[in-house]
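Student: sequence first, predicted coordinates after that:
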Amino acid sequence: MKNLLKIRDLTVCVEHQDNKKIVNQVTFDVKDAGIVGLVGGSGSGKTTTGYAILGLLDPALSVTSGQIEYKGQDLLKASDSEIRKVRGGEIGMIFQEPLNAFNPVFSIGYQIDEMLQYHTDLGKNQREARILELLDLVGLPDPKRLIKNYPHQLSGGMRQRAMIAQAIAPNPDLIIADEPTSNLDVTHQARIIELFQKIRTELKLSILLITHDLGMVGHLCDEVAVMCKGNIVEFGTAEEIVSDPQHQYTKDLMGALKL
């Protein structure tokens, strides 16, 4: 299976702090139609790695070395216009807290339509049909009513589904999902896992899943990279990592899951 995304020796440092490394020579691949879990606790560097891929790092952070190769193009050498084309269009982003990620003053339908206007050539009627199709695909009830709702009018689980709909709207090849179930109850977490399995199968897209939850990884991912203090300390298939972890940090994560 061909690699869609190749990350090699990625290092991210904090400026004005003696270039303290918070991501240190990280290397892994995401295959076509594959799901890779990037797993670790708070401060492990996993979210920073995901943001670096799309050029979304905080101004205090900078990539000091490495490569982020997407479809053969090194995104670290791409122009701002090239990055804007890739970001959202070819690589979608699902943020941890959709209530903060969505603009509170615009309806859900309006915000998905913005994504389609920027990244597709669809006309107005086609975009409206596409939005209804997307909301139905992610399992949201009564899409015609929902497109007029504002983010605060949706439950947490519904907002997460709406954000997934927005991320997949332009038919990207890769989705980066940052802790997509961390603010949901167990029932809604299970539904989001099922939804990711569905869109992976139906849309043939790749997913980079950023999470602290090895249980979710075991249900959803093909491969897993475990991060600790900015380093990948273990990499393998999901089955290998969950059933027979080798590094003590991974064992501790598994132990926390079983508590």
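Tutor: Looks like it arrived, so ask away.

Student: against Asp142, how distant is Leu195?
Tutor: Relative to Asp142, Leu195 is positioned 18 Å away (C-beta to C-beta, to the nearest Å). Any C-beta I mention is one placed from the backbone N, CA and C, and that applies to glycine too.

Student: elements contacting the helix or strand of the chain with the lowest mean pLDDT?
Tutor: Every helix and strand in the chain was compared by mean pLDDT, DSSP states H and E; the lowest is helix 248-258, with a mean of 81. With contacts taken as 3 or more C-beta pairs under 8 Å, 6 or more residues apart in numbering; DSSP states H and E, helix 248-258 sits against helix 214-220, strand 223-228, strand 231-237.

Student: now the angle from it to strand 231-237?
Tutor: 70 degrees (axes from the mean of the first three to the mean of the last three C-alpha atoms, to 10 degrees).

Student: which residues does stretch 181-198 contact?
Tutor: Outside stretch 181-198, the residues within contact range by C-beta atoms under 8 Å, 6 or more residues apart in numbering are 35, 96-97, 137-139, 156-157, 160-161, 164, 177, 180, 207, 209, 211-213, 216, 219-220.

Student: now do it, average pLDDT.
Tutor: Across stretch 181-198, the average pLDDT comes to 83.

Student: ok, longest helix in the chain?
Tutor: helix 186-203 (DSSP state H).

Student: do you know how far Ala60 is from Gly156?
Tutor: Taking C-beta to C-beta as the measure, Ala60 falls 30 Å from Gly156.

Student: higher neighbour count, those two?
Tutor: Neighbour totals were compared for Ala60 and Gly156, and Gly156 leads with 14 against 10 (other C-beta atoms under 10 Å).

Student: out of the helices and strands packed on helix 248-258, deepest packed?
Tutor: Neighbour counts (mean count of other C-beta atoms under 10 Å) averaged over each of these peak at strand 223-228, with a mean of 24.

Student: follow-up on the earlier one: can you select the buried ones among the contacts of stretch 181-198 for me in PyMOL?
Tutor: Burial among the contacts of stretch 181-198 is assessed by 16 or more other C-beta atoms under 10 Å; the matching PyMOL selection reads:
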select buried, resi 35+96+137+138+139+157+160+161+164+177+180+207+209+211+212+213+216+219+220
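
Student: show me where this structure has its strands.
Tutor: Ranges of strands in the chain, per DSSP state E, are 3-14, 20-31, 35-39, 61-70, 73-74, 91-94, 174-178, 206-211, 223-228, 231-237.

Student: need the ones you listed in CSV (columns: mean pLDDT and distance to Thr120).
Tutor: As requested, these are exported to CSV (pLDDT from 0 to 100; distance: least, C-beta to C-beta, whole Å):
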stretch, mean pLDDT, distance to Thr120
strand 3-14, 96, 20
strand 20-31, 95, 24
strand 35-39, 95, 25
strand 61-70, 96, 19
strand 73-74, 94, 21
strand 91-94, 94, 13
strand 174-178, 95, 17
strand 206-211, 95, 20
strand 223-228, 96, 31
strand 231-237, 96, 35
